[in-house]
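Engineer: One predicted model, sequence on top.
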Amino acid sequence: MDLILHNGNLHTMDKDKPTAQAIAMECGIITAVGSDAEILALKTDKTELVDLGGKTVIPGLNDSHLHLLFYAIELGRVGLHGVKSIDEMIERFRDFIIKNNVPEGTPVLGWGWNQNFFEGSNENPSRYDLDKASSVHPIYAARACGHIGCANSAMINHFSIDKNTPEVPGGEIVRDEYGEPTGIFSENARQIFRSSQIFNKDEIKAHILRALPHYAKLGITSVHSDDFGDATPYEAVYEAYIELVKEKKLTVRVNEKCRVLGLENYRKMLNALPHVDDEIAPYFKLGPVKIMADGSLGGRTAYMKEDYHDDPGNRGIPIYSREEFDAIVELVHSLGRQVAVHAIGDETMQWCMDAIKKVRAENPKDDIRHAIVHCQITDEALLKEFKEHDVTAYIQPIFIHSDWSTVASRVGEAKAATSYAFKTLKDMGVAIPFGTDSPVEPLDPFANIYCAVSRKDLSGKPETGFNPNEALSVEEAVYAYTADGAYTSYEEDKKGKLKVGMFADAVVLTKDIFTIAQQDIPKTEVEMTIFDGKLIYRLES
């Protein structure tokens, strides 16, 4: 036996043995779960013993929707999360340029502003605001949602964008009364700046390696990561992960969501991507085909059935025509693969349901676990369709922290009351794997769990919770963060539970999140992270 954890409080997520005191691991696999007496009897001279001192243990956490590579890239960029004003944005860019002695002409990229959190005016920044940070560095600042960005004049001029630049299908270049760009670019229009964000294989590997310790510190041992859209060519992303596995450097299991843009590009990608060898698959595998179908609620680009209440005449931006969207879903389904559709608005979700229903009827295939990512604005009829059409709901409870105070103003009280409906979906038997959408929101799983069980933001508002009837129990939230994620990637027999025969991935916590007060859940830290039967992180005392 390689490793035994004993004297613990194990929550296994296995209904046949929900709790235990100890666990044994060998060759990266869980070999026994039970009482201290049962497990310690398996000890050999080579066994490493870890006395847990009564600490709580759960399966390795599985973030079902994030951008690992993008998170890694952002570690080296200007962080704009939490800025309270445009002036603060400007100062952060100025400080970054000075501190890093950035040469003139070198692009400077940032991420994370949210005008809804600005004190005073909630206006978007403009090119002229960012010009105050620098007129000689091309600057691009992505909003927290990732669906809107602001470029300064140097960046706009670098790409030769002016009043004669045509609109981009599925996007918008916001213009002033004279037709000149204001600096705000939404959805597909952001692709104009893509060439400033291209990386080769070795750069991608270096980025990923820089991020891995952050994941271990938070107990995240598996992810469903959307990386192909964050660095091109996507072949380089694939090769980078494969090499990291072979070099035994990848300390998180990656289920890659495969995203490109446009029907023909999907066709090319699906024909080009090679098969992942069996020895690689436990650590890296190709997962669902990701389709970006609309925008964000905060940016008013999520596609709605009705106009935004606070923006009459605007229903949001569908990324594709209905015909092209349906054709992509049909293509992916015909190849026996999953779709995972980014859909926040209720109209986009209706497109998803209609398309999935159609392909299932016309081309029945066994056990294709199609999914919708985000699933925010729903009505009662849409919620029922998740179960009727066997659609998984990738959800991000942390969005409650950012959105609860603006949902009703965006979509109206009635629709707000049936949105972010986690408990309804859970009770219907729909898989609801949890994720953070990091770096759109912080990677922290305990803040995510807190929002799911309290229905409040991280400051404890609203006092009674947002749609409190949709609150989950801690047990349900942890199950969503572990076993549901494994189910969605067809790995329910391999991970997500502390059970004999499954991967030896486990997390030891500093607090018992199952019994402490809700407000203390975000204060929880990871004491230890075990990945593949090896201790990869330990909290320093």
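Structural biologist: Cool, the structure landed.

Engineer: and residue 415, how many neighbours?
Structural biologist: Neighbours of residue 415 under the rule other C-beta atoms under 10 Å: 19. Where C-beta positions appear, they are placed from N, C-alpha and C, glycine not excepted.

Engineer: Same question for the helix or strand where it lies: list its buried residues.
Structural biologist: Per DSSP states H and E: residue 415 is located in helix 413-416. For helix 413-416, the neighbour count (16 or more other C-beta atoms under 10 Å) marks 415-416 as buried.

Engineer: got the contact list for that helix?
Structural biologist: 346, 377, 379, 407-408, 467 (C-beta atoms under 8 Å, 6 or more residues apart in numbering).

Engineer: Closest to residue 51 out of those residues?
Structural biologist: Nearest to residue 51 out of the contacts of helix 413-416 is residue 467 (C-beta to C-beta; 42.6 Å).

Engineer: residues touching the closest one, list them.
Structural biologist: Counting by C-beta under 8 Å, 6+ apart, residue 467 has contacts 416-417, 419-421, 455.

Engineer: Return a ChimeraX selection command for the buried portion of these.
Structural biologist: Paste this into ChimeraX to select the buried members of these, with burial taken from 16+ other C-beta under 10 Å:
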select :416,417,419,420,421,455
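
Engineer: could I get the contacts of residue 467 as TSV with distance to residue 105?
Structural biologist: As requested, these are exported to TSV (distance: C-beta to C-beta, whole Å):
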residue	distance to residue 105
416	46
417	51
419	45
420	44
421	49
455	48
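
Engineer: Nearest to residue 41 among the contacts of residue 467?
Structural biologist: Once C-beta to C-beta is applied, the member of the contacts of residue 467 that ends up nearest residue 41 is residue 455, at 44.8 Å.

Engineer: mind checking the SS state of the nearest residue in space to the closest one that is not next to it in sequence?
Structural biologist: In space, and not counting its chain neighbours, residue 455 is closest to residue 465: 3.4 Å by C-beta to C-beta, 6 or more residues apart in numbering. Using DSSP: H, G, I helix; E, B strand; the rest coil, the secondary structure recorded for residue 465 is coil.

Engineer: any idea how far residue 465 lies from residue 426?
Structural biologist: 16 Å (C-beta to C-beta, to the nearest Å).

Engineer: quick one: contacts for residue 535?
Structural biologist: So residue 535 contacts 3, 48, 50, 528-529 (C-beta under 8 Å, 6+ apart).

Engineer: That one: helix or strand, and which one exactly?
Structural biologist: Per DSSP H and E: strand 534-538 holds residue 535.

Engineer: Looking only at that strand, what residues are buried by neighbour count?
Structural biologist: Residues of strand 534-538 classed as buried: 535-537 (neighbour count, 16+ other C-beta under 10 Å).

Engineer: Which of these sits closest to residue 507?
Structural biologist: So of the buried residues of strand 534-538, ranked by how close each gets to residue 507 (C-beta to C-beta), first place is residue 537, at 9.2 Å.

Engineer: And the closest one, how close does it get to residue 175?
Structural biologist: Taken as C-beta to C-beta, the span from residue 537 to residue 175 is 49 Å.

Engineer: what do you get for residue 503?
Structural biologist: For residue 503 relative to residue 175 (C-beta to C-beta), the value is 52 Å.

Engineer: Who has more neighbours out of these two?
Structural biologist: Taking neighbours as other C-beta under 10 Å, residue 503 and residue 175 compare with residue 503 leading, 26 against 15.

Engineer: Okay, and the beta partners of the more buried one?
Structural biologist: Note on residue 503: beta-bridge partners residue 29, judged by DSSP bridges.

Engineer: For residue 412, see how far away it is.
Structural biologist: 45 Å.

Engineer: Most neighbours among the contacts of helix 413-416, which one?
Structural biologist: residue 377 (29 neighbours).

Engineer: wait, doesn't it sit right on residue 344?
Structural biologist: Yes. Using C-beta atoms under 8 Å, residue 377 is in contact with residue 344, at 6.3 Å.

Engineer: Can you check which residues contact both of these two?
Structural biologist: Going by C-beta under 8 Å, 6+ apart, residues that sit against residue 377 and also against residue 344 are 297, 302.

Engineer: Show me where the stretch 151-300 of the chain has its helices.
Structural biologist: 153-158, 201-217, 234-246, 263-272 (DSSP state H, counting those that start in this stretch).

Engineer: tell me the phi and psi of residue 507?
Structural biologist: Main-chain dihedrals, residue 507, degrees, to the nearest 10: phi -130, psi 130.

Engineer: just residue 108 next, same as before
Structural biologist: phi -120, psi 120.

Engineer: Tell me the bridge partners for it.
Structural biologist: With DSSP bridges as the rule, residue 108 is bridged to residue 139.

Engineer: And it, how far from residue 301?
Structural biologist: Residue 108 is 25 Å from residue 301, by C-beta to C-beta.

Engineer: Same check on residue 228?
Structural biologist: 21 Å.

Engineer: Same check on residue 392?
Structural biologist: Residue 392 is 24 Å from residue 301, by C-beta to C-beta.

Engineer: Could you check how many residues crowd around the residue nearest to residue 192 when sequence neighbours are not counted?
Structural biologist: Spatially, and ignoring its direct neighbours in sequence, residue 192 is nearest to residue 159 (5.6 Å; C-beta to C-beta, 6+ apart). The tally of other residues near residue 159 (other C-beta under 10 Å) stands at 16.
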